[in-house]
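Visitor: what follows is a predicted protein model with its sequence.
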Amino acid sequence: MDAVLAALEGTAIAQTLRASRWGYAAVNAAHILGIALLVGAIIPLHLRFLGAWRSVSRPVLVRVLVPIAATGLGLAVVAGLLLFSVRAREYASIGFLQAKFVLVAVGALSALALHRAHGFLLESASESRLAGHAIVACVCWIGALVCGRLIAFAGD
């Protein structure tokens, strides 16, 4: 595994980001924007699944917020992998980062499974199924957000 992580650190993009203060800052900003889009869309959607804003049509919220969340997830993952590549061997040993990876994977796979089972607009999903998913999703995404922030405080 160490050889894979070292190879990742040796890629041209990782070397460029290590040498470019503004390049690294731009990728970091893209990561934060992706997280903001993801969490900013996911939380209101899942609060609706838990019973908030019953007067707002569930399909309308899903149609608007799911693509925003998916775009945010994509941006956060790509930018996050680029940031990881800069110091992959060091970052790979940080427990908070490992936990973040697990939470992101569970959150994303849970959403994919839900949409696969009930369609994009989740029209066939029961209220109890959506509420259960909402609890899992909120724990995963808020947990990933907290773990991501705690990475800065891990280590020495």
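Guide: Good, I have the coordinates.
Visitor: where does the protein have low pLDDT?
Guide: When residues are selected by pLDDT under 70, those of the chain lie in 155-156.
Visitor: secondary structure class for the residue lying farthest from the centre of it?
Guide: Relative to the C-alpha centroid of the chain, counting by C-alpha atoms, centre = their mean, S55 is the outermost residue, at 28.5 Å. Here S55 is recorded as coil under DSSP: H, G, I helix; E, B strand; the rest coil.
Visitor: got phi/psi on it?
Guide: The phi and psi torsions at S55 (degrees, to the nearest 10) take the values phi -70, psi -10.
Visitor: check L121 too.
Guide: phi -90, psi 0.
Visitor: with S126 instead?
Guide: Recorded main-chain torsions at S126 are phi -70, psi 160, according to degrees, to the nearest 10.
Visitor: and I68, by the same measure?
Guide: Main-chain dihedrals, I68, degrees, to the nearest 10: phi -70, psi -50.
Visitor: i'd like the first residue to be 26 from this point on
Guide: Done: numbering now begins at 26, and the last item shifts to I93.
Visitor: which non-adjacent residue is nearest it?
Guide: A66 (4.1 Å; C-beta to C-beta, 6 or more residues apart in numbering). To be clear about C-beta, it is placed using only N, CA and C from the backbone, and glycine gets the same treatment.
Visitor: so that neighbour sits against L90, correct?
Guide: Yes - A66 lies in contact with L90 (C-beta atoms under 8 Å); the separation is 4.2 Å.
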